[in-house]
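Enquirer: Curious how this folds, go ahead:
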Amino acid sequence: MSNASATVSANANPTAITWPLRAPTSGSAVRLSGDAPIPEEVKEGWVCGDYEIEAPLPVGYAPPTPPRCMEIKSYPLVRRAEITSTGKTNAGANRSFWPLFQHIQKRGIAMTSPVEMDYTGMSDDKGNLSDERGSWTMSFLYRTPDMGETGPAESNVQVKDLPPMTVISLGMQGNYGLKQVNTALDKLRDALAKQDQWVVAGEPRALNYNGPQIEAGYRWSEIQIPVKPSMR
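Expert: All right, here's what the predicted structure looks like:
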């Protein structure tokens, strides 16, 4: 199974943001800014210039947003194995990776991309995410939502279905962490503040596409804020 039906609508003027009036169809995206080529699905991964994703995305997922590009994109329901924790995200993510990896191995579930990080209640008074506040959730994604069952699993792992959502997303390159997340969030919030067609509808998250085998400077990710059309 592939994401062959997923599409990206390019912006005719990549230097200026043209906002769509409604959410893209599930599994597709609308380019707001940036002139990188649309990523190509190669075998079970994705390629965009110097950037590569080695594992498949969940079926129906929107194509990855290239670094330095901004998009509005819609996602279908996805089944995830999750661990929620507090404190330092970098150290905690390293600790959470192995229980999640052992979970999918035990259930015979192939590794997908991305690894998702959701940030809940972590914004400080200036809007920056801080390890000193709130909680975060690290998730491995099932290929399809009919695999296995939801509910508690081993080693604090919970299997849950994340409902469909629409997000504004900025593609990023470089090492993962809150510094990169906050840089992207500043740009996303600035873009949202300059228009009145879309409003924030949830807490930020990061989609990290590469493992440690990829050089830090070429790691591909995107930072997202859930959004919805404004009720004007």
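
Enquirer: alpha carbons only for contacts and neighbour counts from here, please
Expert: Fine.

Enquirer: top helix in the chain by residue count?
Expert: helix 89-106 (DSSP state H).

Enquirer: In CSV, list the C-alpha atoms belonging to it.
Expert: This file holds the C-alpha atoms of helix 89-106, laid out as CSV (Å, rounded to 0.1, in the frame of the first residue of the first chain):
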residue,chain,number,x,y,z
THR,A,89,12.2,16.2,26.1
ASN,A,90,15.6,15.1,24.6
ALA,A,91,16.5,12.7,27.4
GLY,A,92,12.9,11.5,27.7
ALA,A,93,12.6,10.9,24.0
ASN,A,94,15.6,8.6,24.1
ARG,A,95,14.2,6.7,27.0
SER,A,96,10.8,6.4,25.3
PHE,A,97,12.1,5.2,22.0
TRP,A,98,13.1,1.7,23.0
PRO,A,99,9.8,0.8,24.8
LEU,A,100,7.9,1.9,21.7
PHE,A,101,10.3,0.1,19.4
GLN,A,102,10.0,-3.1,21.5
HIS,A,103,6.2,-2.7,21.4
ILE,A,104,6.0,-2.7,17.6
GLN,A,105,8.5,-5.5,17.3
LYS,A,106,6.5,-7.7,19.8
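
Enquirer: and the residue positioned nearest the centre of the chain, what are its phi and psi?
Expert: Within the chain, the residue whose C-alpha comes closest to the C-alpha centroid is residue 207; the distance, by C-alpha atoms, centre = their mean, is 3.0 Å. Backbone geometry at residue 207, expressed as degrees, to the nearest 10, gives phi -110, psi 110.

Enquirer: mind listing what it touches?
Expert: Counting by C-alpha atoms under 8 Å, 6 or more residues apart in numbering, residue 207 touches 114, 115, 116, 117, 221, 222, 223, 224.

Enquirer: if we can go back for a sec, tell me which strands the helix or strand that the longest helix of the chain is followed by pairs with, and in which orientation.
Expert: Using DSSP states H and E, the helix or strand that follows helix 89-106 in sequence is strand 115-120. Strands adjacent to strand 115-120 in the sheet, as given by DSSP bridges, are strand 135-141 (antiparallel), strand 205-208 (antiparallel).

Enquirer: Same list (these) but as TSV, adding mean pLDDT.
Expert: TSV is the format used below for these (pLDDT from 0 to 100):
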stretch	mean pLDDT
strand 135-141	97
strand 205-208	98
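
Enquirer: Out of these, which gets nearest to residue 88?
Expert: Ranking the strands paired with strand 115-120 by their distance to residue 88 (criterion: C-alpha to C-alpha) puts strand 135-141 first, at 9.4 Å.

Enquirer: Figure out how far the very next helix or strand once past the closest one is from the centre of its chain.
Expert: Scanning the chain past strand 135-141 towards its C-terminal end, the next helix or strand to appear is strand 151-152 (assignment: DSSP H and E). Centroid displacement of strand 151-152 relative to its chain, using C-alpha atoms, centre = their mean, to the nearest Å, is 23 Å.
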